[in-house]
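Peer 1: sequence and predicted model, in that order:
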Amino acid sequence: MKAHPLIEIDPAKAHGRPVIRGTRVPVSILVGSVAGGMTPADTAAQYDVTEEQVQAALLYAAELIERERHYPLAG
């Protein structure tokens, strides 16, 4: 996975989960907010980050999903 200059993983922040660099805002919160219907602009305003940082969080999540192995869901 390539480096993401706007994302950091530090065991001292958010229990080692990915956050926006220089903040304690978890990537998962930003991705979840957009998935829940907030616009990237509203999400950025809500969590005091930039729209560029929200987009970086979405890209990071997309790359994580792409790396995963996928199995059919039981139906």
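Peer 2: All right, it came through fine.
Peer 1: got a list of what the nearest residue to Ile9 once chain neighbours are set aside touches?
Peer 2: Of all residues not flanking Ile9 in the chain, Pro18 sits nearest, at 5.3 Å (C-beta to C-beta, 6 or more residues apart in numbering). The way it works is simple: take the backbone N, C-alpha and C, and place the C-beta from them, glycine included. Applying C-beta atoms under 8 Å, 6 or more residues apart in numbering, we find Pro18 in contact with 7-9, 26-28, 57, 60.
Peer 1: and the furthest pair within those?
Peer 2: Greatest spacing in those, by C-beta to C-beta: Glu8 and Ser28 (14.0 Å).
Peer 1: Val49 against Ile29, yeah?
Peer 2: No. With contact defined as C-beta atoms under 8 Å, Val49 does not reach Ile29; the gap is 9.9 Å.
Peer 1: longest helix in this protein, please.
Peer 2: Secondary structure of the chain per DSSP state H: the longest helix is helix 51-67.
Peer 1: now do it: which elements does it pack against?
Peer 2: Helix 51-67 sits against strand 7-8, strand 19-20, helix 27-35, helix 40-47, with contacts defined as 3 or more C-beta pairs under 8 Å, 6 or more residues apart in numbering; DSSP states H and E.
Peer 1: pLDDT score for the most centrally placed residue in the chain?
Peer 2: By C-alpha atoms, centre = their mean, the mean C-alpha position of the chain lies nearest to Val27, the distance being 2.7 Å. At Val27, the pLDDT value in this model is 98.
Peer 1: likewise the one 5 residues further on?
Peer 2: Taken from the predicted model, the pLDDT recorded for Gly32 is 98.
Peer 1: number of nearby residues for Gln53?
Peer 2: 23 (other C-beta atoms under 10 Å).
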